[in-house]
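Trainee: next one to model:
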Amino acid sequence: MMKSILQSTLTLLLLLLSDTSAANNNNFDYTDYINSEPSEEGAILLLGDSWAAIAGDYAANICGLSNTRYVTNDAQNGSTANQWAEKESAVDSVQKGEYDYEYVWLSIGGNDFLDGKCDSSISEQVAADIVTVIGHIVDNSPNPNIQILYFGYSVPSTDICGNGITAQLFEEQGEIIFDAIKSSAYSDYVT
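Mentor: Residues are numbered from 1 along each chain as shown. I've put the predicted structure just below:
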């Protein structure tokens, strides 16, 4: 699990660095970049469950992202997509934010599936809840160009669902979620 979180964090770092015009300059001095004061440009809001919470802490504290841009980690360990959708927690996070966030790292849905005892019949509802949360972010962000980085889940290393079906169920759930996002009105905001 930690390897997948680290891979997701590195993906985010690459996306953020590729968006920084100075990073594309061959003469760019990364020491100056890392030692600079944080800027609202490229501010990141992390929302979701423990995957987002761990990745946010890793990105901000270990990779040094908090040296260059503001990072707000509002992720909640153990939270579900259903809780985020019903409580409109993302609305609160976006509206209370001190910054005009450019990126939202969103990782939700895994706990719904695990709390549902690996019942694949809830996948459509989980996907709908995730699209609802994405809508809350987009519709309430002061930044009309906000980019949401949605991360799915890699297959757990143990067969938590039993009978050797965990990998298949996680893959199926991921496809349903990503299809729902792609077919939503918010697809242009999600990477």
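Trainee: all helices of the chain, in order?
Mentor: 2-18, 30-34, 50-57, 81-87, 89-96, 110-115, 123-140, 166-182 (DSSP state H).
Trainee: just name the most buried of those helices.
Mentor: helix 50-57 (a mean of 23; mean count of other CB atoms under 10 Å). Placement of C-beta: from N, CA and C, glycine included.
Trainee: the longest strand in this protein is where?
Mentor: Longest strand in the chain, counting residues (DSSP state E): strand 39-48.
Trainee: show residues contacting that one.
Mentor: 12, 16, 19-20, 52-53, 55-56, 59, 65, 68-76, 79, 84, 89-90, 93-94, 97, 99-108, 133, 137 (CB atoms under 8 Å, 6 or more residues apart in numbering).
Trainee: count the neighbours of residue 145 for me.
Mentor: Neighbours of residue 145 under the rule other CB atoms under 10 Å: 9.
Trainee: what of the one 4 residues further on?
Mentor: Residue 149 is surrounded by 19 other residues when neighbours are defined as other CB under 10 Å.
Trainee: in this structure it contacts residue 101, no?
Mentor: No - between residue 149 and residue 101 there is no contact under CB atoms under 8 Å: 11.5 Å.
Trainee: where does pLDDT dip in this protein?
Mentor: 1-40, 62-66 (pLDDT under 70).
Trainee: just want the most central residue of it.
Mentor: residue 106 (2.3 Å; CA atoms, centre = their mean).
Trainee: separation between it and residue 189?
Mentor: Distance, residue 106 to residue 189, by CB to CB, to the nearest Å: 11 Å.
Trainee: between these two, which contacts overlap?
Mentor: The contact sets of residue 106 and residue 189 overlap at 134, 137, 148 (CB under 8 Å, 6+ apart).
Trainee: much appreciated, bye for now.
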